[in-house]
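A.B. asks: Give me a model of this one.
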Amino acid sequence: MIPFPQIDPVALQIGPIGIRWYALAYIAGIVIGWRVARRLVEAAPAAGTARQVDDFVTWATLGIIIGGRLGYVLFYRPAYYLQNPLEALMVWQGGMAFHGGALGVIVAALLFCRSERLNPLAFGDRVAVVVPIGLFFGRIANFINGELWGRPASVPWAMIFPHDPLQLPRHPSQLYQAGLEGVALFLVMLALWSVRANRARPGLLTGALIAGYGVARSVGEFFRQPDDNLGFLLAGSTMGQLLSVPMILVGVYLIIRARRAG
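C.D. replies: Numbers count the residues shown, from 1 in each chain. From the prediction side, this is the model:
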């Protein structure tokens, strides 16, 4: 067992205003993803312009925040927030769901592409490549907050998380997921994007991201402790795994569709 690094969730305190690592993680993911996407979108065959990526950042940010928060409220803790509706607005306290954030970004992308007369699948393919960047920083923020910890473990790198009421050694599953959903998935997406034939098949990269995330999330859930209010569900699965099944199916469909069309 190794000690959990005691990192203050508040990165910077300026008088009554506290800037949390959680917020900085989202900002870092959005800014770095934006800068990378500006380069990707104009690679042949072009799916848009750098200026359009600049404009889309605002749309994507709103989609991430609104969709991610609504997803968490509706999928994970509906009863709690029904009794405490105002707390649903307290995003700074944590509690975001990728599945909801993904739906929020998809809606934002569809609306944006319609307004700009862009092919939503082609434009979405370039955005899909940078999504794992945000996932990586989000999982690191979960680790710093000492939340969403793993299941009890006896591995040498197990940790006791400060907010765990049982104080058991557990898998640092946030780091596992940062590696799978962030680093590994980004490298896969970058490798797929580097092949011009893949860029010329609208929807292929979007499908690869959706299916790839579903697989990575499902694997990571085997090490992550389910939410107390949900526990294990159908056949011992978790909510994260159940929500990933339709993602994998949709992703595979988009890949097959893109390959046939190409």
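A.B. asks: For the rest of this, base every contact and every neighbour count on C-alpha atoms.
C.D. replies: OK.
A.B. asks: Please look at residue 18 and residue 12 and confirm they touch.
C.D. replies: Yes. Taking Cα atoms under 8 Å as the definition, residue 18 is a contact partner of residue 12 at 5.9 Å.
A.B. asks: how about the helices in this structure?
C.D. replies: Taking DSSP state H, the helices of the chain run over residues 21-40, 50-75, 78-83, 98-116, 120-145, 173-177, 185-193, 196-199, 204-221, 239-261.
A.B. asks: which parts of the fourth one are buried?
C.D. replies: Along helix 98-116, the positions that meet the burial threshold by neighbour count (16 or more other Cα atoms under 10 Å) are 98-110, 112-113.
A.B. asks: which one of those is nearest residue 208?
C.D. replies: residue 102 (13.8 Å; Cα to Cα).
A.B. asks: So the closest one sits against residue 67, correct?
C.D. replies: Yes. In this structure residue 102 lies within contact range of residue 67 using Cα under 8 Å: 7.2 Å.
A.B. asks: mean confidence for stretch 216-223?
C.D. replies: Average pLDDT, stretch 216-223: 96.
A.B. asks: Put the alpha carbons of it into PDB.
C.D. replies: The C-alpha trace of stretch 216-223 is given here as PDB (Å, rounded to 0.1, in the frame of the first residue of the first chain):
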ATOM      1  CA  ALA A 216     -12.400   1.500 -22.000                       C
ATOM      2  CA  ARG A 217     -15.100   2.600 -19.500                       C
ATOM      3  CA  SER A 218     -16.400  -0.900 -19.200                       C
ATOM      4  CA  VAL A 219     -12.900  -2.300 -18.400                       C
ATOM      5  CA  GLY A 220     -12.200   0.500 -15.900                       C
ATOM      6  CA  GLU A 221     -15.500  -0.200 -14.100                       C
ATOM      7  CA  PHE A 222     -14.200  -3.600 -13.000                       C
ATOM      8  CA  PHE A 223     -11.800  -1.800 -10.700                       C
END
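A.B. asks: buried ones in that stretch?
C.D. replies: Of the residues in stretch 216-223, 216-221, 223 count as buried by neighbour count, 16+ other Cα under 10 Å.
A.B. asks: With distance to residue 254 added, can I get those residues in CSV?
C.D. replies: Below are the buried residues of stretch 216-223 laid out as CSV (distance: Cα to Cα, whole Å):
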residue, distance to residue 254
216, 18
217, 19
218, 19
219, 22
220, 23
221, 24
223, 29
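A.B. asks: Just flag the most distant two among those.
C.D. replies: Farthest apart among the buried residues of stretch 216-223 by Cα to Cα are 216 and 223. That separation is 11.7 Å.
A.B. asks: So for residue 66, what's the pLDDT?
C.D. replies: Confidence at residue 66, expressed as pLDDT, is 88.
A.B. asks: hey, which helix or strand in this protein has the poorest pLDDT?
C.D. replies: Ranked by mean pLDDT, DSSP states H and E, the weakest helix or strand in the chain is helix 78-83, scoring a mean of 80.
A.B. asks: what about the residue nearest to residue 69 when sequence neighbours are not counted, how many residues close to it?
C.D. replies: The shortest distance from residue 69 to any non-neighbouring residue, by Cα to Cα, 6 or more residues apart in numbering, is to residue 96 (4.9 Å). Applying other Cα atoms under 10 Å, we find 22 other residues in the vicinity of residue 96.
A.B. asks: Equivalent analysis for residue 245, please.
C.D. replies: Residues contacting residue 245 under the criterion other Cα under 10 Å number 15.
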